[in-house]
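In: okay, predicted coordinates and the sequence, questions at the end:
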Amino acid sequence: MEGDRRVGVAVDFSPCSKKALTWAVDNVVRDGDHLILVTVQPEVDYEQGEMQLWEATGSPLIPLVELSDPVVMKKYGLKPDPETLDILNTLAREKEVVVLLKIYWGDAREKICEAIDKIPLSCLIIGNRGLGKIKRAIMGSVSNYVVNNGSCPVTVVKLGHEI
């Protein structure tokens, strides 16, 4: 992947991450880019298996063909929605973009910043749920943390009312 742009999109398969993905596809991703979806799962105490090996470093980069396979995704504990898979498959076909997924386990704020450095990403697009001031103060804003601590350009796409 040397020399190619690696555009990251933080996804959790929610409406706000789907909006961020759509925005990235329409405004940032170009022919020949690598689109790397970064998702963070809550920390789980795995007794055995591959996930225990990947807990510290995240999963290997998972190609789109495996991301589209429900059996493979079940192994990772993910269930991508059909609309997101359609967006990704269309993008890969029309713009000749390599689509990959990287899964981390733990705190989303820290792991997304880690992904920026470890992959490394040229830029990151992240959705914003638009929490109110009180909820944001209690829960913390992942997008705000990544904007302030990420080491690459970060674009926050707000979830509007048009979805």
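Out: Everything's here; your move.
In: next SSE after the helix or strand bottoming out on mean pLDDT in the chain?
Out: Ranked by mean pLDDT, DSSP states H and E, the weakest helix or strand in the chain is helix 133-139, scoring a mean of 51. Downstream of helix 133-139, the next assigned helix or strand under DSSP states H and E is helix 142-149.
In: residues making contact with that following helix?
Out: By Cβ atoms under 8 Å, 6 or more residues apart in numbering, the residues outside helix 142-149 that reach it are 10, 108-109, 112-113, 116, 124, 126-128, 136, 154, 156. C-beta: built from backbone N, CA, C; applies to glycine.
In: at 6 Å what do you get?
Out: Residues from elsewhere that reach helix 142-149, judged by Cβ atoms under 6 Å, 6 or more residues apart in numbering: A108, R109, I112, C113, I126, N128, V154, V156.
In: can you give me the domain assignment for this protein?
Out: Listed domain ranges for the chain are 45-103, 106-163 (source: automatic domain parsing).
In: am I right that I103 is in a strand?
Out: Yes: assigned with DSSP: H, G, I helix; E, B strand; the rest coil, I103 falls within a strand.
In: touching, it and S59? I think so.
Out: Yes: taking contacts as Cβ atoms under 6 Å, I103 lies within contact range of S59: 4.1 Å.
In: now flag whichever of the contacts of helix 142-149 is closest to L88.
Out: Of all these, I126 has the smallest distance to L88: 16.9 Å, by Cβ to Cβ.
In: quick revisit: which pair of the contacts of helix 142-149 spans the longest distance?
Out: For the contacts of helix 142-149, and using Cβ to Cβ, no pair is farther apart than C113 and N128, which are 16.2 Å apart.
In: any regions of the protein where pLDDT drops low?
Out: 1-3, 44-55, 130-140, 161-163 (pLDDT under 70).
In: helices along the chain, start to end?
Out: 15-27, 50-54, 64-67, 70-76, 82-95, 108-118, 133-139, 142-149 (DSSP state H).
In: nearest to D4, of these?
Out: Closest among those, using Cβ to Cβ: helix 82-95, at 13.0 Å.
In: neighbours of K95, how many?
Out: By other Cβ atoms under 10 Å, 14 other residues sit near K95.
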